[in-house]
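Undergrad: give the three-dimensional model of this entry:
(chains A and B)
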Amino acid sequence: MDKPYNNKAWLLVIPVFLLVAISAIIPIMTVVNYSVQDTFGNNQFFWAGTEWFQDVLRSDRFWNSLSRNLLFSFIVLCIEIPLGIAIALTMPRRGIWVPVCLVLMALPLLIPWNVVGTIWQIFGRADIGLLGYALDQMGINYNYASNIFDAWATIILMDVWHWTSLVVLLCYAGLVSIPEAYYQAAKIDGASRWSVFRYIQLPKLRGVLIIAFLLRFMDSFMIYTEPFVLTGGGPGNSTTFMSIDLVKQAVGQFDLGPAAAMSLVYQLMVITISYIFFTVMSNVGVDKPDARVED
Amino acid sequence: MANRVSDTKVAETTAAPANVIDTKNVRASNRFARKSVSRWLVPTLYIVFLMLPIYWLLNMSFKTNQEILSRFTLIPDNPTLRNYAVIFTDPSWYTGYINSLIYVVMNTTISIVAALPAAYAFSRYRFLGDKHMFFWLLSNRMAPAAVFVLPFFQLYSAFGLIDTHLAVALAHCLFNVPLAVWILEGFMSGVPKEIDETAYIDGYSFPRFFVKIFMPLIASGIGVAAFFNFMFSWVELLIARTLTTTDAKPIAAIMTRTVGASGVDWGVLAAAGVLTIIPGALVIYFVRNYIAKGFALGRV
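TA: Coordinates of the predicted model:
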């Protein structure tokens, strides 16, 4: 890197630092404060030490919602990443259909998250929804509000509907940036369609795929609004993911101590994953000039 | 001949950072673009899958509740605008849209204005703790909103900002400012440093150079960052709902009102949903070629 070292650059960063610090550090300090205290009402607080953390880490409730969330993220990634690559590979590269495809595919990404939930809530109902009605007519007993399997299937389908386009768009951008020379060389060598994918396209997609993978993992790990609107965490607790559980505890039951301790554990996991993300991203940035030269 | 080649090269390298999906590269894999059925079948099926639920919502928004609940029709029997009329004539409905737009625009403005100089600092200089700072910003983009719901409520209550547009706009800065810094930094790094140096030699002061020369160069980057800020503020509900009660309530939260004494007003709910899709659908056209770059935080 040939950037000059200049600490005056800090002056340019200060507005952002203050703006984000107000929204991030003060709230986190509040959470830390709650996580080590207990209250019996009347705004009186007592030191509780690490009690809440021990409670949270020992509770089945925490581990259940964590494992549900991890399972959900795993399934969603297994579907969305390969599907996204496949669709990006078959998308047209030129002509009037390119903008049409891009705009239509990006549309689900821009719908407010609770409206996504509402759309699928309606779509899946057997009495008024297209999907529910069609399944009902086929003789399949489908009800996402009472059957655990149906609820999961609907939430996963909804997430695939909502976010696969993100993977498609990223892969598409990666694919169109592959120089034509690569394909010409492959043509001369008589490479098969599969070898072109395996040895040219896939390596060139590495960068965008890492970004897509991590963004999808992070966002599915924090999912709240869509399943909350669709199933409200039910039936029972079967679709209560981490965020839903946390909001239930903090706002619904007002259990400040356990909720705060859970928040911090949750936040710590996210920061760890972010750190991995950041390290990987920095490396993605490093091999970028390379790609430019080959261009 | 050699001259022409180098000219096009220069033109390409300066244009490259701004154009992600560039026509020059579109030729690329054309050899493999065989005109077989599978090539258009897969994207078509996928788009049909994407459009079906939206079509159903649109379809429902033109039906009467009686038709929705009694018959199953793919196209409304008696198309009606009644559901939209309800929304556009009832202030408690349409102010929801106005509220959402106000805080989204406020947030986008604050985020971009704050992020521009910071992104410039990150793209041009090294300084004490720059890497840590950048990571810390990113970790906020990834912070689960659920963690912040309660502390945000208390923080903004303490300042008496609850139920104001400003509260939501500031709260959304938590994830939008880092996003804007990342996207802008990606675009700025694509502008050669020689441009800055030449401008300083020509006697431009930093603010004048930044506004007159640099900002026009990264105009597309500013557009993309603004679009993404707009979008993420528009789709977020959890924080927006928590910080507002009546005066600044976003449309997304008002939609839950359709559950009345006589059951759910499905027609109005569908119409409200359709109306929330429209702003996104309108702006998406302008940034269609940069969507991927924005999602990849400027790194495609």
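Undergrad: counting contacts, what elements does the one helix or strand B:Thr109 maps to pack onto?
TA: If you go by DSSP states H and E, B:Thr109 is part of helix B:91-124. On a contact count with 3 or more C-beta pairs under 8 Å, 6 or more residues apart in numbering or on different chains; DSSP states H and E, helix B:91-124 meets helix A:10-35, helix B:82-89, helix B:165-188, helix B:219-235, helix B:251-254, helix B:266-284. To be clear about C-beta, it is placed using only N, CA and C from the backbone, and glycine gets the same treatment.
Undergrad: pick the most deeply packed of those.
TA: helix B:165-188 (a mean of 26; mean count of other C-beta atoms under 10 Å in any protein chain shown).
Undergrad: rewinding a little: between the helices and strands packed on helix B:91-124, which gets nearest to B:Arg39?
TA: B:Arg39 sits nearest to helix B:266-284 of all the helices and strands packed on helix B:91-124, at 24.3 Å, using C-beta to C-beta.
Undergrad: the closest one to helix B:82-89, inter-axis angle?
TA: Using axes from the mean of the first three to the mean of the last three C-alpha atoms, to 10 degrees, the direction of helix B:266-284 lies 70 degrees away from that of helix B:82-89.
Undergrad: roughly how far is the following helix or strand past helix B:266-284 from the heart of the chain?
TA: Heading C-terminal from helix B:266-284, the first helix or strand you meet, by DSSP H and E, is helix B:291-295. In terms of C-alpha atoms, centre = their mean, to the nearest Å, the centre of helix B:291-295 is found 10 Å from the chain centre.
Undergrad: for chain A, what spans make up the strands?
TA: A:37-39, A:45-47 (DSSP state E).
Undergrad: let's have those in TSV, adding distance to chain B.
TA: Output for the strands of chain A, formatted as TSV (distance: least, C-beta to the nearest C-beta, whole Å):
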stretch	distance to chain B
strand A:37-39	14
strand A:45-47	14
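Undergrad: make JSON lines from these and add mean pLDDT to it.
TA: Converted to JSON lines, the strands of chain A look like this (pLDDT from 0 to 100):
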{"stretch": "strand A:37-39", "mean pLDDT": "74"}
{"stretch": "strand A:45-47", "mean pLDDT": "72"}
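Undergrad: most neighbours per residue, which of those?
TA: strand A:37-39 (a mean of 15).
Undergrad: for chain A, give me its nearest residue in chain B.
TA: Closest residue of chain B to chain A, C-beta to the nearest C-beta: B:Gly280 (2.8 Å).
Undergrad: got a list of what that residue touches?
TA: B:Gly280 is in contact with A:Leu107, A:Leu109, A:Leu110, A:Ile111, B:Met231, B:Trp234, counting by C-beta atoms under 8 Å, 6 or more residues apart in numbering or on different chains.
Undergrad: which residue, other than its chain neighbours, is closest to the last one?
TA: So the one you mean is B:Trp234. B:Val104 (5.3 Å; C-beta to C-beta, 6 or more residues apart in numbering or on different chains).
Undergrad: next, the contact list for that neighbour, please.
TA: B:Ala169, B:Phe230, B:Ser233, B:Trp234.
Undergrad: so what's whichever residue of the stretch 1-150 of chain A sits closest to chain B up against?
TA: Residue of the stretch 1-150 of chain A nearest chain B, by C-beta to the nearest C-beta: A:Leu110 (2.8 Å). Contacts of A:Leu110 were listed using C-beta under 8 Å, 6+ apart, and they are B:Met231, B:Trp234, B:Val235, B:Ile277, B:Gly280, B:Ala281, B:Val283, B:Ile284.
Undergrad: closest to B:Leu69 among those residues?
TA: Among these, and counting by C-beta to C-beta, the member closest to B:Leu69 is B:Ile277, at 23.4 Å.
Undergrad: do I have it right that the closest one meets B:Tyr55?
TA: No. Contact criterion C-beta atoms under 8 Å: B:Ile277 and B:Tyr55 do not qualify, at 11.6 Å.
Undergrad: now the helices: where do they sit in the stretch 151-295 of chain A?
TA: A:180-188, A:193-196, A:202-204, A:206-221, A:225-230, A:242-247, A:256-286, A:288-294 (DSSP state H, counting those that start in this stretch).
Undergrad: per-residue pLDDT, B:Tyr120?
TA: Predicted confidence (pLDDT) for B:Tyr120: 92.
Undergrad: sorry, slip of the keys, the one I care about is B:Asn19.
TA: 43.
Undergrad: and A:Ala181, by the same measure?
TA: A:Ala181 is given a pLDDT of 88.
Undergrad: likewise the one 3 residues further on?
TA: Note for A:Gln184: predicted pLDDT of 89.
Undergrad: gap between A:Leu215 and B:Leu74?
TA: 36 Å (C-beta to C-beta, to the nearest Å).
Undergrad: look at the two and report which has more neighbours.
TA: A:Leu215 (20 against 8; other C-beta atoms under 10 Å in any protein chain shown).
Undergrad: which residues touch the more buried one?
TA: A:Leu166, B:Phe295.
Undergrad: so where is chain A shaky, pLDDT-wise?
TA: A:1, A:39-44, A:281-282, A:284-295 (pLDDT under 70).
Undergrad: one more time with 80, if that's ok
TA: A:1-2, A:37-52, A:55-56, A:93-95, A:207, A:234, A:250-257, A:274, A:277-278, A:280-295 (pLDDT under 80).
Undergrad: most centrally placed residue in it?
TA: Taking C-alpha atoms, centre = their mean, the centroid of chain A lies closest to A:Asp219, which sits 1.9 Å from it.
Undergrad: now do that one against B:Lys131, distance only.
TA: From A:Asp219 to B:Lys131 the distance is 24 Å (C-beta to C-beta).
Undergrad: likewise for B:Gly186?
TA: From B:Gly186 over to B:Lys131 (counting by C-beta to C-beta), the distance is 16 Å.
Undergrad: please apply the same query to B:Asn107.
TA: As judged by C-beta to C-beta, B:Asn107 and B:Lys131 stand 27 Å apart.
Undergrad: if you count what's nearby, which of these two comes out ahead?
TA: The residue with more neighbours, out of B:Asn107 and B:Lys131, is B:Asn107; 26 against 12, by other C-beta under 10 Å.
Undergrad: you'd agree the more buried one is up against B:Ser233?
TA: Yes. B:Asn107 is within contact range of B:Ser233, at 4.6 Å (criterion: C-beta under 8 Å).
Undergrad: quick check: neighbours shared by those two?
TA: Common neighbours of B:Asn107 and B:Ser233 (C-beta under 8 Å, 6+ apart) are B:Ala169, B:His172, B:Asn176.
Undergrad: who are the neighbours in contact with the first one?
TA: The one in question is B:Ala169. If you count contacts by C-beta under 8 Å, 6+ apart, B:Ala169 has them with B:Tyr103, B:Val104, B:Met106, B:Asn107, B:Ile110, B:Ser233.
Undergrad: how close does the second one get to B:Phe49?
TA: When you say that, I think you mean B:Val104. Distance from B:Val104 to B:Phe49, by C-beta to C-beta: 29 Å.
Undergrad: what of the fourth one?
TA: Distance of B:Asn107 to B:Phe49, given as C-beta to C-beta: 32 Å.
Undergrad: CA atoms only for stretch B:214-227 - export them in PDB, please.
TA: Extracted as PDB, the C-alpha positions of stretch B:214-227 are listed here (Å, rounded to 0.1, in the frame of the first residue of the first chain):
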ATOM      1  CA  PHE B 214     -13.700  14.900  -6.300                       C
ATOM      2  CA  MET B 215     -17.400  14.600  -5.700                       C
ATOM      3  CA  PRO B 216     -18.400  14.800  -9.400                       C
ATOM      4  CA  LEU B 217     -15.800  12.000 -10.100                       C
ATOM      5  CA  ILE B 218     -17.500   9.700  -7.600                       C
ATOM      6  CA  ALA B 219     -21.000  10.900  -8.300                       C
ATOM      7  CA  SER B 220     -22.100   7.300  -9.200                       C
ATOM      8  CA  GLY B 221     -20.700   6.100  -5.900                       C
ATOM      9  CA  ILE B 222     -22.600   8.700  -4.000                       C
ATOM     10  CA  GLY B 223     -25.800   7.700  -5.800                       C
ATOM     11  CA  VAL B 224     -25.200   4.000  -5.000                       C
ATOM     12  CA  ALA B 225     -24.500   4.700  -1.300                       C
ATOM     13  CA  ALA B 226     -27.600   6.900  -1.100                       C
ATOM     14  CA  PHE B 227     -29.700   4.200  -2.700                       C
END
